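Participant: Curious how this folds, go ahead:
(chains A, B, C and D)
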4 protein chains.
Amino acid sequence: MNYLLSTLILVFVLSTPVNGQHHSHTADRPIVFPDVPGYLTLSVDLHMHTVFSDGSVWPNIRVQEAVRDGIDAISNTEHLEYQPHQVEIPHPDRNVSHDIATAAASDTDLIVIRGAEITRSMPPGHNNTVFIEDANKLLSEDPMEVFEEAKRQGGFTFWNHANWTSQRPDGIATLTNMHRELIEKDLLHGIEVINHTTYSDEALTIALENDLTILGTSDIHGLIDWDYEIAEGGHRPVTLVFTTERTPEAIREGLFAGRTVAYFQNMLVGKEEHLVPLLNASMNVSSAEYGNNHTLLYLQIENTSDVSYILDNKSPYTFHQHADVVILEAHKTTELQVKTIENLESVELTFEVLNAITAPDTHPTITINVDVTTGE
Amino acid sequence: MNYLLSTLILVFVLSTPVNGQHHSHTADRPIVFPDVPGYLTLSVDLHMHTVFSDGSVWPNIRVQEAVRDGIDAISNTEHLEYQPHQVEIPHPDRNVSHDIATAAASDTDLIVIRGAEITRSMPPGHNNTVFIEDANKLLSEDPMEVFEEAKRQGGFTFWNHANWTSQRPDGIATLTNMHRELIEKDLLHGIEVINHTTYSDEALTIALENDLTILGTSDIHGLIDWDYEIAEGGHRPVTLVFTTERTPEAIREGLFAGRTVAYFQNMLVGKEEHLVPLLNASMNVSSAEYGNNHTLLYLQIENTSDVSYILDNKSPYTFHQHADVVILEAHKTTELQVKTIENLESVELTFEVLNAITAPDTHPTITINVDVTTGE
Amino acid sequence: MNYLLSTLILVFVLSTPVNGQHHSHTADRPIVFPDVPGYLTLSVDLHMHTVFSDGSVWPNIRVQEAVRDGIDAISNTEHLEYQPHQVEIPHPDRNVSHDIATAAASDTDLIVIRGAEITRSMPPGHNNTVFIEDANKLLSEDPMEVFEEAKRQGGFTFWNHANWTSQRPDGIATLTNMHRELIEKDLLHGIEVINHTTYSDEALTIALENDLTILGTSDIHGLIDWDYEIAEGGHRPVTLVFTTERTPEAIREGLFAGRTVAYFQNMLVGKEEHLVPLLNASMNVSSAEYGNNHTLLYLQIENTSDVSYILDNKSPYTFHQHADVVILEAHKTTELQVKTIENLESVELTFEVLNAITAPDTHPTITINVDVTTGE
Amino acid sequence: MNYLLSTLILVFVLSTPVNGQHHSHTADRPIVFPDVPGYLTLSVDLHMHTVFSDGSVWPNIRVQEAVRDGIDAISNTEHLEYQPHQVEIPHPDRNVSHDIATAAASDTDLIVIRGAEITRSMPPGHNNTVFIEDANKLLSEDPMEVFEEAKRQGGFTFWNHANWTSQRPDGIATLTNMHRELIEKDLLHGIEVINHTTYSDEALTIALENDLTILGTSDIHGLIDWDYEIAEGGHRPVTLVFTTERTPEAIREGLFAGRTVAYFQNMLVGKEEHLVPLLNASMNVSSAEYGNNHTLLYLQIENTSDVSYILDNKSPYTFHQHADVVILEAHKTTELQVKTIENLESVELTFEVLNAITAPDTHPTITINVDVTTGE
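Facilitator: Model prediction:
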């Protein structure tokens, strides 16, 4: 009847009744990244399904999942052409999934974006378009017409899972002539480098070579909690969009401008100009001082992001408690003891970030400038 | 696209990458109780909703939740008269939820039982009927006719949440004349003593006074994982049915015979003749021996059930490491050191089980007979 | 060389590097109980050993363990007559363990109390005396002389593990004539009802019948972390003393006055006049209000203590989400929904506290008076 | 009195009494690495202190810690020249710490090795010698005489914490002329690259340039559980020695032969010829097969070691669910989906192991040869 028991159960489980010592293991579930200079960092999931195509939940569940995940914006992108629940839900209004989600989100901060999935064989395969006005108008035989209608409506359109083995048995994302044409005509603006549980080096190359916006999406059909083992600390893939405001318009602008980083497992993928500011914003030197009677510089580096950064030291210094590879755990402060030989007033540390990716096998380098007296 | 990532995420999260020590915190999720002499102990959830009434999931999710919970049988009991998704799912076949669930369960061991919820104002309020043949035939103006049709089809019918504050503002389950009539005519066979997050002493009294079968159900509309905080160790309420076989027919027979115990939070509710055998089957003395040079009897008592039993010692002995209240943790072995004064060949221990309930404020007493040489 | 790594290891382990979700499982180790009206609630452990008798650590470890456990006062009570390390540590000054601990505690808030264990066969068995001035002066053949010297020095003296099977093979604590004499001469002031991992109903009876102070002690020889599974949420037994100040003198006064409760596993043992105020101070109604359109009173009860209280409802009301036995988890807030039938301005709830013990098989009853408008 | 309570506490804490779901979080504490071809992999800690120099525990605790840690051999290396407990333990026999530990280990499999720490200012600083016969004979003014006596007794001698800021304020391990002389005279055989919480690139260089055996030690003075946050999954540094037998002699032979790898945090340090076989033995392909209708090779790679390996892909293939950096979690099986373009009969994967170190900034490369039909 109501939800109070779940609270009570939680209360019970989180403490140890006999000894009274409590082991809280908060499922610190919300996805958290810091803003970057000039922009807000918003997380969006622009590829999801409900019972209105081949998903297994009513749209309100997608809203509740997103609220639990601390996501800023979602889009229910039902398959336009694939309707396996047609018997039970005959000829649905293609806007209804969005409309129900919008109503369900009315008392939340979640932004719900109208979208749809153009579902074709290759080429052009599956493509999402979001920020459209009327999904019903996208129902058309000729795929090119659909892309053009999406553009007329202002849609931001991107290629889904170009690595999908059902359409590419080798899993190698490969640009087709039709995709080239779509890009040339400004009908295709982005590409999923990450879809559900997959990552594609080749899709990343396509994004970079064709200046497409990099996206990561959940493509969820069942439950986020199950596919992404939320109980075990997992998270869905999302696209981080750098925007001037927390509005649908600003997200759309950020997507068209290509200001994104995709977040997948413990990894970030994006163009260097967007990734490096996010890395810099994530790592802050909270204190930097020498100890007594020796020349070890004690640095406290706070990581305010969800990613545990794997750093490879490229500085001219060695460390007293680490070798060259140092992990800065997510939402923790890590101490580095830098052997600077003499007491310095400022120190420049350089690291390659091994789980940040700007191109296949390519990782950005960040510089941390430390002012010894006052911290960074 | 596939579910492999979740496995990988799990792999990552369950170990601690830097130190290599792994803290597995297996969500030992399945509901587990031992069988009792003469019967299998099956767990069933006979009150659930999907998008085909006012629930938020497709029926396949109810199947998957049940499989994860290790439940033996479920019934999707959609409201016959309450259809809030009528716009999107017009005039559904009242059997479709069951049929989809049955198909979804085809490659599992889950038993799916056809049912429906007769949804009226008080009296008779809400009542479920399960093991019916055709839910569509239950659509009728006159509630008595519906109960009679359910009976004609062989349905097992029970009163839902008699404590529901929307229909009883004081939350006090109270028998009405119409319920008396239903019982007299053998049209009502059971009552929910536990519904969702609630328990009702008064419903238990009604069950006992009218020889109704005691039931506990989830009445789930959203997600089991969320309402019952599965990630934190919670579980949905279920009814344990003692059956001769693991078949729908045997479950139906057990329900009509009243052989049930309801499992809710860390508590069991049932008639004494069904509860005591379950308690006895749950606690086994795996070893019983005296130490050297003293008269302490060391007992190892294994609890093979999901409930952590709260025992109140009624024996003529005191313990060396416990006072009178002893907790036997679920799925653990607890040692008791019994001060028997002299070395005995057999010992009889008596406990009141404080979180087992046979009537309001009434707890069963169990006797553990210990043969010192060989264990129980 | 230094302790920084441990912090770094902690940092690593407490988060999950791949998904960036952190499962903190803080070892919320310190023992925490609220103060009671008129008194501070201090935790003391007055029975511990080091290498200076038959223990395995230097006294500084006892200090560090106590600081980690959040204990207010300790006493290293080395055996006067049992010196198994005599070869390596010949003829130790019997005060040296205390003196080293005092020095080790100099930069902490820990109170270190001089004590010793008078170690004899039965009678009088083993007895501790604390708040003495010079342990060396307690070395004497005649046990009565030792007790008298302890009294001359102002010592508070108590009988250790009267249930010890090495001296009582049946584990039944039994008063001897010598103990009667000691009590009559005011040479024996307390008794361990809890020692290490044992509890004794019979020792409790002796305490009550002879007005001896009730004590619980660790009697630690090895490591607290191991004997009491601190990593798994365990704790050492301690005596809670109700004092007017946080000073050695006030603790001594509280002990002589018998104002104690022993804390063991998930259980409290004490005289009713000391136990009930502690229970009352531990449970606070933080909010009490009726919902809309029904007469359920929603109570939020906060438990500010380390014990998860097992309550047995003795009120004239039943609950909407619990049966008669309710657990208030340690350091959590539990909601009770009370079925009061009509909206009341004040409600009196009465509970027997099953894991609080005032005499064998005897549990105190507490009353929670709820003012519905404003909370308790 | 006995240790049974701790078991009971454990029992309580590891399950959740109210819901009956248990979250076991086994402190899977023992250090575990696989054997390598031709050799056993033994873990040894050859630098520890007790009350017999400046440590805080009796030697039996060092034995119990080692047993809990699953270590094969330890040595209590008390400072010969630094005796801060001289007042309480006057003029101790320098062999007594070892002798007590040996007795304490008599009913265990632990190997206890006689050793001592030669404790001088720089040069030669602090040096341990182990496998000696009589520590008392090492008491001598002239440090060279001590090293020579150690050699006469058969001692394996190594330089401790060459990076120690108390003796090298810049933390830069630097060879002195005296050390060169010791090495030339075969009086110095190894060097700590890891001591307590520190790692030294420069000490590793000294080891490599002078063919010294690489060691990692705990240098524990207090408690292993605290310095290395065992409760949070930490571990002490140890030296893995590759030996022909599990005997003191074989360990000594392995140390003199330089067959070691040091294990510190989530990192392994050793010469390539010893490190690569250990890496190979740690990672096993348990299954390798293609899916249907596509050319993804599904590899299951089991990591049987305590280290979570951070792999950098150097193969000509990309992965379907990972980018170039892949983590193989400790004691878990990780799936890799390799995009081999066509179905192959055998595949060679090459990885740089980023948290294995053969020289400063240098990581070994491993090759995993996969036979598709049968696994590796």
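
Participant: how about the residue nearest the centre of chain A, phi and psi?
Facilitator: Closest to where the C-alpha atoms of chain A average out (Cα atoms, centre = their mean) is A:V238, at 2.5 Å. Backbone torsions of A:V238, given as degrees, to the nearest 10, read phi -140, psi 160.

Participant: Just the buried residues of stretch A:360-374, please?
Facilitator: Within stretch A:360-374, the residues that count as buried by 16 or more other Cβ atoms under 10 Å in any protein chain shown are A:H363, A:P364, A:I366, A:I368, A:V370, A:V372. Yep, even glycine has a C-beta here, placed from its N, CA and C like the rest.

Participant: quick one, what contacts the last one?
Facilitator: By that I understand A:V372. A:A288, A:E289, A:Y290, A:L297, A:N343, A:L344, A:E345, A:S346, A:V347 (Cβ atoms under 8 Å, 6 or more residues apart in numbering or on different chains).

Participant: do that again at 6 Å, thanks
Facilitator: Going by Cβ atoms under 6 Å, 6 or more residues apart in numbering or on different chains, A:V372 touches A:A288, A:E345.

Participant: May I have the phi/psi pair for it?
Facilitator: Per degrees, to the nearest 10, the backbone of A:V372 is at phi -60, psi -40.

Participant: now A:Y228
Facilitator: Torsion angles at A:Y228 (phi, psi; degrees, to the nearest 10) stand at phi -110, psi 20.

Participant: so it makes contact with A:R236?
Facilitator: Yes - between A:Y228 and A:R236 there is a contact under Cβ atoms under 6 Å: 4.9 Å.

Participant: Tell me how many other residues surround the one residue in the stretch 101-250 of chain A that gets nearest to chain B.
Facilitator: Taking Cβ to the nearest Cβ, chain B has its nearest neighbour within the stretch 101-250 of chain A at A:T197, 2.7 Å off. Using other Cβ atoms under 10 Å in any protein chain shown, A:T197 has 24 neighbouring residues.

Participant: name the element A:T334 belongs to?
Facilitator: Per DSSP states H and E: A:T334 is located in strand A:333-339.

Participant: That strand near chain B at all?
Facilitator: No - taking Cβ under 6 Å from any Cβ of the partner chain as the criterion, strand A:333-339 and chain B are apart, separated by no less than 11.0 Å.

Participant: Need the residues that contact that strand.
Facilitator: Residues contacting strand A:333-339 (Cβ under 6 Å, 6+ apart): A:296-302, A:317-321, A:328, C:4, C:11, D:171.

Participant: Recalculate using a threshold of 7 Å.
Facilitator: A:286, A:296-302, A:317-322, A:326, A:328, A:347, C:4, C:7-8, C:11, D:170-172 (Cβ atoms under 7 Å, 6 or more residues apart in numbering or on different chains).

Participant: In PyMOL, select just the buried ones from those residues.
Facilitator: Filtering the contacts of strand A:333-339 down to the buried ones (16+ other Cβ under 10 Å) takes a single PyMOL command:
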select buried, (chain A and resi 296+297+298+299+301+317+318+319+320+321+322+326+328+347) or (chain C and resi 4+7+8+11) or (chain D and resi 170+171+172)
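
Participant: So which of the contacts of strand A:333-339 are in strands?
Facilitator: The strands, defined by DSSP state E, take in A:286, A:296-302, A:318-319, A:326, A:328, A:347 from the contacts of strand A:333-339.

Participant: from the residues you listed, which is closest to D:G216?
Facilitator: A:F319 (15.9 Å; Cβ to Cβ).

Participant: Roughly how far does the residue in the stretch 201-350 of chain A that chain D sits nearest to sit from B:N210?
Facilitator: Relative to chain D, the nearest point of the stretch 201-350 of chain A is A:H294 (3.8 Å; Cβ to the nearest Cβ). Per Cβ to Cβ, to the nearest Å, A:H294 is found 83 Å from B:N210.

Participant: Of the two, give the one with the bigger neighbour count.
Facilitator: Each of A:H294 and B:N210 has its neighbours counted (other Cβ under 10 Å); A:H294 has more, 18 against 14.

Participant: which parts of chain A sit against chain D?
Facilitator: Contact residues, chain A versus chain D (Cβ under 7 Å from any Cβ of the partner chain): A:9, A:12-13, A:16-19, A:163, A:165, A:169-172, A:197-199, A:201, A:267, A:293-296, A:310, A:318, A:320-325, A:339, A:341, A:354-355, A:357, A:361.

Participant: sorry, back to before: what mean pLDDT does the strand holding A:T334 have?
Facilitator: Mean pLDDT, computed over strand A:333-339, is 98.

Participant: Could you double-check that A:E342 sits in contact with A:T295?
Facilitator: Yes - in terms of Cβ atoms under 7 Å, A:E342 counts as a neighbour of A:T295; the distance is 5.7 Å.

Participant: Counting neighbours, go ahead and name the busier of these two.
Facilitator: A:T295 (19 against 8).

Participant: Just the pLDDT at the more buried one, thanks.
Facilitator: For A:T295, pLDDT reads 95.

Participant: ok, now which ones touch it?
Facilitator: Per Cβ under 7 Å, 6+ apart, neighbours of A:T295: A:T340, A:I341, A:E342, A:N343, D:P169, D:D170.

Participant: Closest one to B:Q153 out of those residues, please.
Facilitator: A:T340 (83.9 Å).

Participant: distance of the closest one from D:L204?
Facilitator: 19 Å.

Participant: When those two are compared, which one has more neighbours?
Facilitator: Using other Cβ under 10 Å as the criterion, A:T340 and D:L204 rank with D:L204 on top: 27 against 20.

Participant: for the more buried one, phi and psi?
Facilitator: The phi/psi pair for D:L204 (degrees, to the nearest 10) is phi -60, psi -40.

Participant: Could you tell me how many residues sit around A:H179?
Facilitator: Using other Cβ under 10 Å, A:H179 has 24 neighbouring residues.

Participant: Check the contact between it and A:L188; I expect there is one.
Facilitator: Yes - A:H179 lies in contact with A:L188 (Cβ under 7 Å); the separation is 6.4 Å.

Participant: Name the residues contacting each of these two.
Facilitator: A:W159.

Participant: May I have the beta-bridge partners of the residue nearest to the centre of chain A?
Facilitator: Taking DSSP bridges, one finds A:Y263 as the beta-bridge partners of A:V238.

Participant: I'd assumed A:I71 was in contact with it.
Facilitator: Yes - with contact defined as Cβ under 7 Å, A:V238 reaches A:I71; the gap is 6.3 Å.

Participant: what do those two both touch?
Facilitator: Residues touching both A:V238 and A:I71 (Cβ under 7 Å, 6+ apart): A:I31, A:S43, A:V44, A:D45.

Participant: now that we have these, which one has the most neighbours?
Facilitator: Highest neighbour count within the shared contacts of A:V238 and A:I71: A:D45, with 28 neighbours (other Cβ under 10 Å).

Participant: Give the bridge partners for the residue nearest to A:T365 when sequence neighbours are not counted, please.
Facilitator: Counting by Cβ to Cβ, 6 or more residues apart in numbering or on different chains, the nearest residue to A:T365 once its immediate chain neighbours are dropped is A:E352, at 5.2 Å. In this entry, A:E352 is beta-bridged to A:D312, A:T365, by DSSP bridges.

Participant: Give the burial count for A:E352, as a bare number.
Facilitator: A:E352: 17 surrounding residues under other Cβ under 10 Å.

Participant: same check, this time on A:E335
Facilitator: A:E335 has 18 nearby residues by other Cβ under 10 Å.

Participant: Kindly report the same for the one 3 residues further on.
Facilitator: The burial metric for A:V338, expressed as a neighbour count using other Cβ under 10 Å, is 24.
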